[in-house]
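In: coords please:
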Amino acid sequence: MSGDNALAAKGLQDKAEVSSRFPPALVITGPTCSGKSALALAVARRFSGNVINADSMQVYRELKILTARPDDADLAIVPHALYGVRPAADAGNVAWWRDAALAAMADAAGQGRIPVLCGGTGLYLAALTRGLAEIPPPGPARDEARALLAELGPQRLHARLAALDPATAARLSPADGQRIARAWEILRATGRSPAAWQAAPPLPPAPWRFIVIRLDPPRDALRQAIAARFTAMIAAGALDEIRALLALGLDPALPAMRAHGVPELAAHLRGELTLPDAIQRAVLATGRYTKRQATWFRHHNLADPTATHIIYARIADMQQFYERFWLGLRSFIAQRVDVPENPA
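Out: Down below sits the predicted model:
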């Protein structure tokens with residue numbers, strides 16, 4: 001073996017040895033409506049885990065129904081963290097979530113349990129597993145910024161940016177819509193101004209050994225599930241939830257006010273859309289988002305490929321899942337965590 005190859009091999013060995021000393025953490029991710037929550041609950045139950053939210057919208061207290069947060073029955077089975085912990089008036093961001101997730105993970109480890117991170121916000125998960133060495137991609141905040149630019153125009157968006165980040169706004173022309181939108185999306189996605197990102201030292205990957213389970217179901221299955229779930233949300237009281245949210249008089253640019261279904265149902269409540277039209281638009285918008293999510297996950301590894309297990313299906317029926325996929329998944333997890341499996 002050449003000297004360069006020997007050094008490379010030693011580097012890989014050293015990296016593996018360091019990684020093996022880190023405690024394990026499971027990540028269950030994939031597009032919206034792919035069945036992540038059901039799978040996370042089953043995994044946490046069998047492997048003594050705490051489920052930790054990694055969805056940027058499920059953190060908001062006022063959006064229990066429309067973000068499909070775990071219900072009381074699920075919460076009673078295993079500990080859950082970071083669900084409904086922020087008021088809609090207080091915008092979440094990746095920097096806040098990373099700190100909160102690390103605290104929840106440490107709490108789980110202190111209980112002798114495994115953190116099970118569950119959610120589809122790729123930026124949040126990458127902030128843990130890969131660190132933040134530079135300004136990260138904005139994710140859904142890019143759509144928010146583009147929509148606001150089209151709705152408000154550059155000058156009014158510049159004024160909103162100035163209220164939150166006057167230093168950045170002062171460096172931008174009120175007519176430069178593209179740069180204003182870019183600054184807005186970075187601020188909304190990360191909670192830090194572009195200047196702060198450029199000046200700050202990089203954040204390293206969290207000192208955990210990440211084991212990723214990714215759901216990648218067929219598009220048709222997702223589309224049907226999104227439509228069915230939205231109909232069920234309406235039946236469960238989603239309109240009343242949006243009515244209460246609107247009564248707070250919040251800034252429409254806040255992330256919670258742009259969660260999937262909120263703008264459409266709000267338009268219905270204002271008399272601008274019929275309910276069927278609002279539902280159709282929300283379902284289509286959610287479907288487009290899941291396509292972007294799936295594309296992002298296919299191009300961004302959250303962990304080493306040897307520690308990544310992909311399931312090309314949507315989890316709609318847990319009994320069917322146990323029959324088709326559970327044995328392989330159990331083996332994958334058991335080989336990589338340090339706790340015994342609980343009986344069914």
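
In: I'd assumed Asp277 was in a strand, is it?
Out: No. Read with DSSP: H, G, I helix; E, B strand; the rest coil, Asp277 is helix and lies in no strand.

In: Counting neighbours, what do you get for it?
Out: By other C-beta atoms under 10 Å, the residues close to Asp277 number 13. C-betas here are computed from N, CA, C, even on glycine.

In: Okay, helices next: where are they in the stretch 51-200 of the chain?
Out: Assignment of helices within the stretch 51-200 of the chain using DSSP state H, counting those that start in this stretch yields the ranges 72-75, 94-110, 122-129, 140-152, 154-164, 166-170, 177-190, 194-199.

In: Using neighbour counts, pick out the buried residues of the second one.
Out: It refers to helix 94-110. Along helix 94-110, these residues count as buried under the neighbour rule (16 or more other C-beta atoms under 10 Å): Val94, Ala95, Trp96, Trp97, Arg98, Ala100, Ala101, Leu102, Ala104, Met105, Ala108, Ala109.

In: what packs against that helix?
Out: Contacts defined by 3 or more C-beta pairs under 8 Å, 6 or more residues apart in numbering; DSSP states H and E place helix 94-110 against strand 49-53, strand 80-81, strand 114-118, helix 122-129, helix 177-190.

In: Report the inter-axis angle for it versus helix 177-190.
Out: Here the directions of helix 94-110 and helix 177-190 differ by 20 degrees (axes from the mean of the first three to the mean of the last three C-alpha atoms, to 10 degrees).

In: Helix 94-110 vs helix 122-129, what angle?
Out: Helix 94-110 runs at 50 degrees relative to helix 122-129, counting by the same axes, to 10 degrees.

In: go on, the fourth one?
Out: Using the same axes, to 10 degrees, the inter-axis angle of helix 140-152 relative to helix 122-129 is 140 degrees.

In: how far is helix 140-152 from where the chain is centred?
Out: 19 Å (C-alpha atoms, centre = their mean, to the nearest Å).

In: contact partners of it?
Out: The contact list for helix 140-152, computed with C-beta atoms under 8 Å, 6 or more residues apart in numbering, reads 56, 121, 138, 157, 160, 177, 180-182, 184-186, 188-189, 253, 255, 258, 289.

In: Can you give the distance of stretch 228-242 from its chain's centre?
Out: On C-alpha atoms, centre = their mean, the centre of stretch 228-242 falls 21 Å from the chain's centre.

In: Let me know the average pLDDT across it.
Out: When pLDDT is averaged over stretch 228-242, the result is 96.

In: Then stretch 257-276?
Out: 95.

In: residues of it that come out buried?
Out: Those would be 257-269, 273, for stretch 257-276 by 16+ other C-beta under 10 Å.

In: before we move on, what about stretch 292-305?
Out: So, applying 16+ other C-beta under 10 Å, buried residues of stretch 292-305: Gln293, Ala294, Trp296, Phe297, Leu302, Ala303.

In: Same question for stretch 322-339.
Out: Quick answer for stretch 322-339 (16+ other C-beta under 10 Å): Phe325, Trp326, Leu329, Ile333, Val337.

In: Just the terminal-to-terminal distance for that stretch.
Out: 20 Å (C-alpha to C-alpha, to the nearest Å).

In: And the helices of the stretch 51-200 of the chain: which comes nearest Ile65?
Out: helix 72-75 (13.0 Å; C-beta to C-beta).

In: And the contacts of the closest one?
Out: Helix 72-75 is contacted from outside by Ser37, Leu41, His80, using C-beta under 8 Å, 6+ apart.

In: any idea how far Arg98 is from the first one?
Out: What that stands for is Ser37. From Ser37 across to Arg98, the span is 21 Å (C-beta to C-beta, to the nearest Å).
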